[in-house]
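K.L.:
Just a sequence and a predicted model for now, questions to come.
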Amino acid sequence: MENDIYTIYLISFLTFVAVIILIEGSYLLFRGIREEGVVKMNRRLKLLSAGGAHGKEVLNLLRRNELSSNEVVNRVLTKIPRIKLIDRTLEQAGLTISVSRYLLTQLLLIVVSVSILFYGLNFHPAISFLIGAMAGFFLPVFYVSIKRKDRLDKFTEQLPDTLDYIARSLRAGNPFSASLKGVANEMQDPTGSEFGITFDEMNYGLELEDALKNLGRRSGSEEMNMFITAVLIQKTTGGNLADVLNRIATVMRARAGVIRDVAVLSAEMRASSYILIALPFFVAGAISIFNPGYLDVLFDNPVGQIVILVQLVLMLIGYLIMRRMINFHV
């Protein structure tokens, strides 16, 4: 009877959360349809604010530094040390969610995970909190990391063609700023949008060096930093920038080929790591299907719950070690 009450409480809580998410999603969809231009402008200004610490005095009026749409929450978040790293990471991942909503998502996932473990699986409160807190905190982190890596891969793929485009534009007699505008109009995201932000910053009065440094900080791409370094050196020493960009594009293509070769050679180790991580869950699921109740002692007994917690921690450590072993820096 007591378990039934806990189940009713859990279902009610999850229903409440689902309704809140549905209302919020409907509101955002309605606002996006009615205020598409405003949303685009706010995103452009948000990208400007995530660029970094360069040229703050020039863009002080444009950079709202909004980590939340709520002014009180925004003031509180801006006082948290290194909170801008989260904002920049979200921008590098290509996500439009604000820092406050990202933190709120983590909090909701922690509450839901702890509730499921405590009320649904009858875990000990301390163990429920530890496992739920880790799951709710790290799941959004992993998701953002995956999105960020995908976006960086797109940068790596698009940058050589982008540099060739800029080189052709310079040979045609166009200034560097006009070449950036052409990239913003012709190239796909994320390269097009990032170069468009850089062009806007220069139009707003920011120096070329500061605008390019902001571009590098927003993108987080090593290839982008190669391009920025070449442009800044050419600005100081002179020379044919078009030829330099063509050579850098050639180097980037060769580097991308080496990275693909390394990925092929390490595919077996990568697959082995995924299999080793998934194997305990697969075996536990198979045992639960073919012999129901066999693993109940792990969930009902506090010692068994501690064993589960320790195993999850060891699996996480093993995954990080294996990932470190198979990630080769080129």
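P.N.:
Received, thanks.
K.L.:
in whichever strand or helix holds residue 84, what counts as buried?
P.N.:
Residue 84 is part of helix 83-92, with elements assigned from DSSP states H and E. Using 16 or more other C-beta atoms under 10 Å as the test for burial, helix 83-92 gives 84, 86, 87, 88, 89, 90, 91, 92. No exception for glycine: its C-beta is placed from N, CA and C like everyone else's.
K.L.:
Stretch 226-233 too?
P.N.:
Buried, per 16+ other C-beta under 10 Å, within stretch 226-233: 226, 227, 228, 230, 231.
K.L.:
ok, of those residues, which one's closest to residue 324?
P.N.:
residue 226 (25.0 Å; C-beta to C-beta).
K.L.:
and the closest one, what is it in contact with?
P.N.:
With contact set as C-beta atoms under 8 Å, 6 or more residues apart in numbering, residue 226 has these partners: 248, 251, 252.
K.L.:
quick one, helices of the protein?
P.N.:
Using DSSP state H, the helices of the chain run over 2-34, 36-49, 71-78, 83-92, 99-115, 125-171, 176-186, 191-203, 208-219, 222-237, 241-265, 267-290, 296-300, 302-326.
K.L.:
quick one, domains of this protein?
P.N.:
Residue ranges for the domains of the chain, per automatic domain parsing: 2-150, 159-249, 266-326.
K.L.:
Next, count neighbours for the nearest residue to residue 252 once chain neighbours are set aside.
P.N.:
The spatially closest residue to residue 252, leaving aside those adjacent along the chain, is residue 160, at 4.7 Å (C-beta to C-beta, 6 or more residues apart in numbering). Applying other C-beta atoms under 10 Å, we find 21 other residues in the vicinity of residue 160.
K.L.:
how close does residue 160 get to residue 83?
P.N.:
35 Å (C-beta to C-beta, to the nearest Å).
K.L.:
hmm, back to that, helices or strands next to the helix holding residue 84 in the packing?
P.N.:
Here helix 83-92 touches helix 36-49, helix 99-115, helix 125-171, helix 208-219, going by 3 or more C-beta pairs under 8 Å, 6 or more residues apart in numbering; DSSP states H and E.
K.L.:
looking at those, which is buried most?
P.N.:
Mean neighbours per residue, mean count of other C-beta atoms under 10 Å, is largest over the helices and strands packed on helix 83-92 for helix 208-219, with a mean of 21.
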